[in-house]
Every structure is written in C-alpha cells, then in structure tokens.
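S.K.: this is a predicted model, with the sequence first.
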Amino acid sequence: MECFVDHNGGDASMTIVSTMEACITLCAGTSGCVAVSYAPGSGGFCYLKNTLNTGVTNYGVWGTRITSTATVPGGSFTPGCPGSNGLSVTDNNGATFVVECGMDRPGGDYQEVFVGSLVACMSACSSQLGCVDVSWVPGSKGACYVKNALVAQVTNSAVWGARLVANSTVMAPITNDFGACAASFISGSSGCGTPIPSFLTPGNAGSLSDSNVITLTLRDGSTRKYYMYLPPNYKTNTPAPVIISYHGNGETGINQALRTGFQDTTMNLNTITVYPSGVGGSWQGAPYSTPGIDDVSFTRQLFTYLSKNFCIDPTRVYATGFSNGGGFCSTLACDPIASQMFAAIGANSAANYPNNTYDSTCNPSAVTYPCSSFRKRVPYLEIHGGMDGTIPYTGGNIRGQCVANIPKWMSDQVGRENFTSTQTNVTTAITNSTGGISAYQYQWGTGATFGEVVHYYVPSGSHNWYDGTVANGYGFVSGSTMFAFLQKWTLFNA
C-alpha cells in the first residue's frame, strides 16, 4: 500500500467500489493490472492501471501496486448461465459460491459495483465482511449488487445470482472508513522534526496585523496569505491538532483571528490555528465570490504545506468559519477529497448558498444542496441567531438565491450522517446570567455518535459570533463552544 500516493495516468478502467480491498481484488482479477488508485468512500472511485507511472502526493487517494502474483484458487473456469446453474464456483479470493441462474434476491443491497464477469462480482462480495450473496446483470460493465441479507428468491432472467457458501477470508478488511492509510498518520506528518521558522514563536500571537501575515505560493504561481498561531506547547516532534478558520465576506484572516479567541491560552495550549484570507475577501460557493478562484484547491495545498513544514496530527485537522467562511466549510465537507482532510466542522451564522435562482416558487423548507463527501460522517456544529438579518434563520431570498431555512439545513446534515429516525435530537435550554432562557442546544446521534451533529439556536441573536460581550450573555461563547466540540473528534472516531 502507498498511502496518499497517486500514479497519475495509465488508467485502464474505473469502477465504483466502497472499500480498498474490493479495488485490489478487481485489479488482481484483471489481466495487465499493475496498480490501483482508490478515492475512498461509500461510492469510491477505483482506477485500475496498466502502467506504473511516477507517484505523486495526493491526500485524496490511497494507492496500491502489485509486487508479486500467485495462482488464485479459481483456476481458468469461467461460469456462465444457464450452463453453470447450481454449480459450486471458487472466486479469486478462494471463496465458494453456488451459481443461481435467472434468480434474483431483491433487497439486502448495500453496495453496487460495475464489473465484467460473475467471478469478479463474487470476488467483490467475498472481500467484504457481511456479504452473503450477489446479483449480477451480465455485461462488460455489468451492475453487481452486493448483498448482506439472504432474502427470498424471485425469477429474473436478466440476472445471474451467486450465493456464498464458504469463505476462507483470503483478504482481511483493509479499511473501516478512513482505515489503514489514516493509521499511517499516528506518528505525525512529514514535517515533524522541522525547525520552527524564525518568524513564529509558540504562544506569541504577534500583533494580529498585516505585518504578521504569511504568504504561500501555490502550484500555479499565484500567492495567498494567511495568519498562523503556534500554541504555547507546540514541539517540533509532537503532532499537534490544527484549526483552519475562514472569515466572513469582505474580511481577512486577521479579522477571523481577532473574532474567534482560539489563541486564548486559557482554552488552547496545544492546537495550531491558521486563518487564511479569501481573494477579494470572499470564499468559493457564494454568489459574490471572486470568479475563477478554487478555494478548495488552495485549502488542500495549504494543508500539504502545513504537513510538510510543521509537526501536525492529520487525523485532527478541523475547519471553522463565520458567515461566508462558515458556508465554505460546508463546501469543504461535501467535497470528495477535502472532506477526508477534516475531522470535524464548526460554523457560525453560516451562509450556505445552494447555487440556484430565487423565484416565486421558493420553499425554504424544501431546498436541496449537492453533497459529494466521501466520508460517511463528518461531525458538524452550527450556531445561528433567530434575528440574523444577513442570513435569516427562516431562509428565503438571499442575494438572489432560494436558501434553505436553518432547520431544513440541519435536517439535511443529520440525514447525511446516516442517522436513523430513532436517533432524534436532544434539546437543552441554555440560560444566561439572569437565569432566563437565551438559547437552545440541539444534539443528534446515539451512543458513540451522540453529539456528532449539534446546533445552537439563539432566538434574539443577530448575525454575530457570540463572544459573551452582550449584556447578561447568551449562556455560551461561540469560540470556546466550538473549540470543545472540535477536540472531541478525530478521523478515527467519526
């Protein structure tokens, strides 16, 4: 395995699979395949390669190349229907199936892959724990339905079925969500051991002015600016968590640094905080963002730079933001590659634009947002005021787009976490210094996932980062609340 290494080019085919081992199995059963690049996820992209080109770093890819081959138990026999009906067939992993021609077991599907043979379909099943049956629609890229429940058979002449009867588990599972490649990060990033730059001093927030801003040169030669704070306990050989925090529209990273309070040593002794500045003061995804700017790519390059030059713990990298920056955090959480970088997301007064056009049919309770996250769950916290005049809690016409109301947005987030109907929210009233109810906290999940999605609703709150300066307070402070939420999560426990 080559974690975060991509051998660009040489692609023979691309197949959708949900695990790295399924991708490897497909390569092993494909003539001429020498390597794979897998972009993980429930619908992960598996690229089979017939040429081994030079590897390049890509944090969205798990690579594997073949170093040796062996004769697999399946031999040269290729089952086909109707001639193979009722026969016992061994797949490429050594598992045994009984072929059931013209029979389908509808239901129990938990994965769909596209393969060119019944044996490849069976191998996709036997490489995953829990699979008991497959239904394959024959074709050069036929749909293979991998099943974890053995339901009653029905006649379907378009389907070749196969029922698992024995599995020696030739290949143990490689991944469980982030898996083995994430495990390679336990000892810290490649920047561990690198001396601290002379312009940074742990525990010194500097002047929080433009004179303290760092310039990063991107691959295309353009430059971006960010402010960075090293915590008092930062050591060059101790992996540190990282918060990347995005400002609101018309601001800079310095504005966000002044707002969050993440440099407060009574709260933060160990976490690096980074505050990038958007081009033109805005972030990708908003209707007013600067055209042609790819802030997702910038974030990925910033992450790579931090990994190579500082001792960070890449399983504990977080994104937070205010207003436009909070909306951009949602863009990151729904990006197939960037979503694998961040263990959790925190947003305040998030401006979540769905990229549609407002008209008289706008229903804020029915607005949908595209999301292509490759992680099954991304812990998410959002704080919003009921009297927000910039991004109204009720949604509606905002800058010419039909924007969802906040309850609908949170409901969608709960759905993306794959929570069931029994995992309803727990509501807690929050009181201010006079004992009056000033806010409500909503938490979703159950067991280990409880509190994975959290929302704070402040009925009288405006478009604001709640810093405790309002008379009598709101019973919580945005910065410390968000900081505590983030610290609960890693790429392993979400």
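M.R.: That came in fine, so what should we check first? Keep in mind that this is a model prediction, so the values were computed, not measured. Numbers count the residues shown, from 1 in each chain.
S.K.: for the stretch 51-200 of the chain, which residues score under the pLDDT cut-off?
M.R.: Counting by pLDDT under 70, the stretch 51-200 of the chain contains low-confidence ranges at 57-60, 68-77, 110-111, 128-129, 167-187.
S.K.: quick one, helices of it?
M.R.: For the stretch 51-200 of the chain, the helices defined by DSSP state H, counting those that start in this stretch occupy 118-126, 179-183.
S.K.: what of the stretch 301-450 of the chain?
M.R.: Taking DSSP H, counting those that start in this stretch as the criterion, the stretch 301-450 of the chain carries its helices at 324-333, 406-416.
S.K.: can you give me the distance of the residue lying closest to Lys235 once chain neighbours are set aside to Ala338?
M.R.: Spatial nearest neighbour of Lys235, chain neighbours left out: Cys311 (7.1 Å); criterion: CB to CB, 6 or more residues apart in numbering. (Glycine included, C-beta is placed from N, CA and C.) Distance, Cys311 to Ala338, by CB to CB, to the nearest Å: 22 Å.
S.K.: so which residue is dead centre in this structure?
M.R.: Ser339 (2.8 Å; CA atoms, centre = their mean).
S.K.: roughly how far does the residue of the chain positioned farthest from its centre sit from Val89?
M.R.: Within the chain, the residue lying farthest from the chain centre (CA atoms, centre = their mean) is Gly83, at 44.9 Å. Separation of Gly83 from Val89 (CB to CB): 12 Å.
S.K.: quick one: the strands in the stretch 251-400 of the chain, in order.
M.R.: 272-276, 312-322, 344-348, 380-385, 396-398 (DSSP state E, counting those that start in this stretch).
S.K.: save these as a markdown table, and put in mean pLDDT, distance to Thr434 and mean neighbour count too.
M.R.: Shown next, in a markdown table, are the strands of the stretch 251-400 of the chain (pLDDT from 0 to 100; distance: least, CB to CB, whole Å; neighbours: other CB atoms under 10 Å):
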| stretch | mean pLDDT | distance to Thr434 | mean neighbour count |
| --- | --- | --- | --- |
| strand 272-276 | 97 | 33 | 25 |
| strand 312-322 | 94 | 27 | 26 |
| strand 344-348 | 97 | 24 | 27 |
| strand 380-385 | 97 | 19 | 25 |
| strand 396-398 | 96 | 33 | 15 |
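S.K.: export these to CSV and tack on distance to Ser411?
M.R.: Below are the strands of the stretch 251-400 of the chain laid out as CSV (distance: least, CB to CB, whole Å):
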stretch, distance to Ser411
strand 272-276, 30
strand 312-322, 21
strand 344-348, 16
strand 380-385, 12
strand 396-398, 17
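S.K.: compare those and give me the one nearest Gly32.
M.R.: Within these, the stretch nearest Gly32 is strand 312-322; the backing value is 34.0 Å (CB to CB).
S.K.: show me what the closest one is packed up against.
M.R.: Secondary-structure packing of strand 312-322 (3 or more CB pairs under 8 Å, 6 or more residues apart in numbering; DSSP states H and E): strand 240-246, helix 253-260, helix 295-309, helix 324-333, strand 344-348, helix 478-487.
S.K.: just checking: what are the partner strands of it?
M.R.: The pairing partners recorded for strand 312-322 under DSSP bridges are strand 240-246 (parallel), strand 344-348 (parallel).
S.K.: could you dump these to JSON lines with distance to Gly139?
M.R.: Output for the strands paired with strand 312-322, formatted as JSON lines (distance: least, CB to CB, whole Å):
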{"stretch": "strand 240-246", "distance to Gly139": "45"}
{"stretch": "strand 344-348", "distance to Gly139": "40"}
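S.K.: in which helix or strand does Met228 reside?
M.R.: strand 223-229 (DSSP states H and E).
S.K.: which strands and helices sit next to that strand?
M.R.: Using 3+ CB pairs under 8 Å, 6+ apart, the elements in contact with strand 223-229 are strand 214-217, helix 253-260, strand 272-276, helix 295-309.
S.K.: any idea how far that strand is from the chain center?
M.R.: Put simply, strand 223-229 sits 24 Å off its chain's centre (CA atoms, centre = their mean, to the nearest Å).
S.K.: now do the buried residues in it.
M.R.: The neighbour-count check on strand 223-229 (16 or more other CB atoms under 10 Å) flags 224-229 as buried.
S.K.: same thing with stretch 285-304?
M.R.: So, applying 16+ other CB under 10 Å, buried residues of stretch 285-304: 285-286, 289, 293, 295-304.
S.K.: any idea how far apart the tips of that stretch sit?
M.R.: End-to-end distance of stretch 285-304 (CA to CA, to the nearest Å): 22 Å.
S.K.: going forward can the numbers begin at 32, since that is how I track them
M.R.: Got it, the first residue is 32 from now on, which makes the last one we talked about stretch 316-335.
S.K.: residues making contact with that stretch?
M.R.: For stretch 316-335, contacts defined as CB atoms under 8 Å, 6 or more residues apart in numbering pick out 88, 90-91, 247, 249-250, 255, 257, 275, 280, 305, 307, 309-311, 313-315, 345, 348, 350, 355, 358-359, 361-363, 366, 368-369, 372, 382, 384, 386, 430-432.
S.K.: what of stretch 445-459?
M.R.: Contacts for stretch 445-459 (CB under 8 Å, 6+ apart): 402, 404, 407-409, 411, 471-477, 480-481, 483-484.
S.K.: mind giving me the PyMOL command for buried ones among the residues you listed?
M.R.: To isolate the buried members of these in PyMOL, using 16+ other CB under 10 Å:
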select buried, resi 402+404+408+409+411+472+473+475+476+480+483+484
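S.K.: correct me, but His415 touches Ala381?
M.R.: Yes: His415 lies in contact with Ala381 (CB atoms under 8 Å); the separation is 7.2 Å.
S.K.: which residues are common contacts for the two?
M.R.: Contacts common to His415 and Ala381, judged by CB under 8 Å, 6+ apart, are Ile422.
S.K.: now render the helices of the stretch 332-481 of the chain as JSON lines, adding mean pLDDT.
M.R.: Shown next, in JSON lines, are the helices of the stretch 332-481 of the chain (pLDDT from 0 to 100):
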{"stretch": "helix 355-364", "mean pLDDT": "96"}
{"stretch": "helix 437-447", "mean pLDDT": "92"}
